[in-house]
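Participant: give me a 3D structure for the following:
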Amino acid sequence: MSASLIAQQLVVHRGRQIVLDGVNLRAEPGQRIGVLGPNGVGKSTLLACLAGDLILDSGSVERRPRSATVGLLRQEPERVAGEDVRSMLRRKTGVTAADTELDAATEALAAASPGADDRYSDALEAWLALGAPDLDARISTVWADLGLDDARLGRDTTQLSGGEAARVALAVLLLSRFDVLLLDEPTNDLDLDGLERLEQFVVSSPVAMVVVSHDRTFLERVITHVVEIDEHTHRATRFGGGWMGYQEERATGQRHAQERYDTFSTQRSELRGRAQREREWATVGVKKAKKKPDNDKHIKHHNIVSSEQLAGKAARTERAMDRLEVVDKPWDGWRLSFRFGEGARSGDMVARLDDAVVERGNFRLGPVTLEIGWAERVAIVGANGAGKTTLLAALLGRVALTSGSSRLGPSVVIGELDQARQRFDPSVAQTITLGRAFMDATAMTVADARTLLAKFGIDANRVDRPAATLSPGERTRATMALLQAQAANCLVLDEPTNHLDLPAIEQLELALAEFEGTVLLVTHDRRLLESVAVTRTITVDGGHITSDQLS
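Facilitator: Predicted coordinates for the structure are as follows:
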């Protein structure tokens with residue numbers, strides 16, 4: 001079914017704070033609209049509005065036709081205790097709800113309830129459109145194509161690793177038969193193979209899509225339009241021409257806005273200066289004419305009149321200044337300025353593994369013999385589930401070895417941006433406030449903690465909120481603030497760009513370029529890998545190091 005989604009004048013408040021103010025968005029079949037804006041500006045809120053999951057303060061969201069189905073893939077996989085992967089796939093593709101409605105409609109039809117015929121017809125149409133009849137067969141095909149074994153379909157979703165959860169989210173997308181798709185950070189935690197599959201699916205799909213992403217390579221390859229939410233006005237602006245067209249049009253618009261303001265400011269300053277000089281000359285001229293002894297009354301009168309005419313010219317100049325079309329100065333929002341706190345140099349040996357083996361359930365890493373030296377900038381790459389995060393944990397001595405040994409240099413101070421942002425993760429920090437959690441980690445005073453967090457765009461209201469209520473982007477910014485507060489000489493960055501907005505990612509790249517210590521980097525962000533000056537690349541596959549190359 002060809003379907004469109006039309007949002008008009010959406011207004012959403014969060015308490016007294018306005019999140020969206022008169023936002024319009026129209027998604028037609030074949031359009032792939034990227035929604036951009038800094039963390040916390042309301043991108044996920046917009047998707048929730050489009051999905052019908054959030055009550056609007058005003059405005060409307062219309063589906064054309066009304067029977068069109070809309071699917072929302074959230075940025076953090078919903079893991080329900082007691083729900084296995086297969087059940088999650090059925091729920092996320094909309095089939096579970098369709099099953100329930102069809103059963104209820106069938107019962108209503110059997111009971112000859114009023115309107116039962118139409119209800120049953122609509123329920124059956126939706127059930128068929130969502131691909132319910134052959135979903136199990138398609139699950140098996142997609143699951144095998146993703147290289148996953150059938151045993152994982154029966155696993156509890158709470159036991160999935162980050163990479164496995166990302167693959168499940170990708171499977172949901174590949175299995176979905178929604179008429180409109182809303183994707184919130186779909187690239188998070190996907191490996192390179194998963195990213196390629198995602199891009200192929202998105203580009204080849206004929207349905208309307210609205211995508212929130214900060215993956216620059218992904219955006220460049222897939223989107224056809226951009227809707228940018230302004231953090232100052234909370235309104236949205238639409239750009240055509242895809243990612244490159246957006247960048248060019250936005251840069252041109254900013255340049256023209258600055259030029260218009262500069263012209264206005266210059267003209268206003270010149271007129272104000274001229275008016276001031278003319279008034280000063282008129283005032284001085286009249287005083288001189290009245291005081292100067294001159295027997296010729298006509299000359300004296302002429303001098304006074306000339307001076308008063310200057311005052312009239314000053315008034316005309318001021319009126320000309322008032323007639324200038326006022327141009328507001330382009331608003332320059334808050335910008336993150338970030339650098340890693342650096343400690344003293346560590347020894348030449350940072351971390352070492354000797355014939356190390358780690359066994360976790362059915363997964364085995366090793367045996368691995370590996371040494372990381374001072375100031376090396378190491379990229380650890382590989383598919384999801386290959387063992388990258390386990391290798392990091394073994395190097396840092398955070399996982400028990402089945403055999404072999406691990407050693408961390410005695411003067412090594414670790415600064416870590418982990419995949420789960422665990423210090424502020426909702427499952428860990430249920431009731432403690434962000435401010436308290438931050439002070440416990442840094443030993444900072446209240447004032448110093450608030451000041452540093454404010455530099456990362458986390459205001460006083462958020463500091464006093466439970467850490468569990470933070471958005472994924474806010475958790476990542478808080479963790480970045482921790483890294484600045486710590487005097488680390490070895491950075492461990494596991495998928496550091498997940499949930500970061502574009503300005504923050506650019507600042508992260510600049511901070512990495514300035515950092516002089518050791519860097520261990522796990523990322524599938526292709527643009528980040530290109531920008532970071534990596535000195536060594538370690539490839540992990542199936543629990544083994546298959547390649548270790550100097551750059």
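Participant: count of neighbours near residue 171?
Facilitator: Other residues within reach of residue 171, judged by other CB atoms under 10 Å, total 24. To be clear about C-beta, it is placed using only N, CA and C from the backbone, and glycine gets the same treatment.
Participant: quick one: mean pLDDT for the helix or strand encompassing it?
Facilitator: For residue 171, the element it lies in under DSSP states H and E is helix 162-175. For helix 162-175, the mean pLDDT works out to 84.
Participant: residue 356 - that's part of a strand, no?
Facilitator: Yes: according to DSSP: H, G, I helix; E, B strand; the rest coil, the state of residue 356 is that of a strand.
Participant: that one and residue 379: what is the separation?
Facilitator: 20 Å (CB to CB, to the nearest Å).
Participant: kindly report the same for residue 166.
Facilitator: Taking CB to CB, one finds residue 166 at 19 Å from residue 379.
Participant: ditto for residue 391
Facilitator: Distance, residue 391 to residue 379, by CB to CB: 12 Å.
Participant: what sits in contact with each of the two?
Facilitator: Here residue 391 and residue 379 share the contacting residues residue 538, scored by CB atoms under 8 Å, 6 or more residues apart in numbering.
Participant: picking up where we left off before, who does the helix holding residue 171 touch, helix- and strand-wise?
Facilitator: On a contact count with 3 or more CB pairs under 8 Å, 6 or more residues apart in numbering; DSSP states H and E, helix 162-175 meets strand 70-73, helix 85-92, helix 135-145, helix 192-204.
Participant: 6 Å - rerun?
Facilitator: helix 135-145 (3 or more CB pairs under 6 Å, 6 or more residues apart in numbering; DSSP states H and E).
Participant: contacting residues around the helix it packs on?
Facilitator: The contact list for helix 135-145 (CB atoms under 6 Å, 6 or more residues apart in numbering) reads 89, 95, 171, 174, 175.
Participant: that older thread, looking at residue 391 and residue 379, which one has more neighbours?
Facilitator: Neighbours were counted for residue 391 and for residue 379 using other CB under 10 Å; residue 391 has more, 26 against 20.
Participant: burial count for residue 105?
Facilitator: Neighbours of residue 105 under the rule other CB under 10 Å: 23.
Participant: buried set for the host helix or strand of it?
Facilitator: For residue 105, the host element (DSSP H and E) is helix 95-110. Across helix 95-110, burial judged by 16 or more other CB atoms under 10 Å covers 95, 96, 98, 99, 101, 102, 105, 108.
Participant: and for stretch 361-373?
Facilitator: So for stretch 361-373, counting by 16+ other CB under 10 Å, buried means 364, 365, 366, 367, 368, 370, 372, 373.
Participant: so who does the last one touch?
Facilitator: For residue 373, the contacting residues are residue 348, by CB under 6 Å, 6+ apart.
Participant: and with 10 Å instead?
Facilitator: 346, 347, 348, 349, 350, 351, 352, 409, 518, 535, 536 (CB atoms under 10 Å, 6 or more residues apart in numbering).
Participant: can you pull out the strands in the stretch 251-400 of the chain?
Facilitator: 349-360, 363-373, 377-381 (DSSP state E, counting those that start in this stretch).
Participant: checking my notes, residue 482 in a strand, right?
Facilitator: No: checked against three-state DSSP, residue 482 lies outside a strand; its state is helix.
Participant: how many other residues sit next to it?
Facilitator: 24.
Participant: which residues touch it?
Facilitator: Neighbour list for residue 482: 341, 415-417, 421, 423-424, 437-438, 441-442, 452-453, 456, 488 [criterion: CB under 10 Å, 6+ apart].
Participant: let's see that with 8 Å instead.
Facilitator: Counted by CB under 8 Å, 6+ apart, residue 482 has contacts 415, 423, 438, 441, 442.
Participant: before we move on, back to that, closest to residue 226 out of the contacts of helix 135-145?
Facilitator: For the contacts of helix 135-145, the minimum distance to residue 226 (CB to CB) is 25.0 Å, reached by residue 174.
Participant: not counting sequence-adjacent ones, nearest residue to the closest one?
Facilitator: Spatial nearest neighbour of residue 174, chain neighbours left out: residue 142 (5.1 Å); criterion: CB to CB, 6 or more residues apart in numbering.
Participant: hey, which helix is longest across the chain?
Facilitator: helix 242-291 (DSSP state H).
Participant: and that helix, what other elements does it pack with?
Facilitator: Checking 3+ CB pairs under 8 Å, 6+ apart, helix 242-291 ends up next to strand 32-36, helix 216-222, strand 225-229, strand 236-240, helix 297-323.
Participant: rerun that using 7 Å as the cut-off
Facilitator: helix 216-222, strand 236-240, helix 297-323 (3 or more CB pairs under 7 Å, 6 or more residues apart in numbering; DSSP states H and E).
Participant: between strand 236-240 and it, find me the angle.
Facilitator: 120 degrees (axes from the mean of the first three to the mean of the last three CA atoms, to 10 degrees).
Participant: roughly how far is helix 242-291 from the heart of the chain?
Facilitator: Distance of helix 242-291 from the chain centroid (CA atoms, centre = their mean, to the nearest Å) equals 38 Å.
Participant: let me know the average pLDDT across it.
Facilitator: 74.
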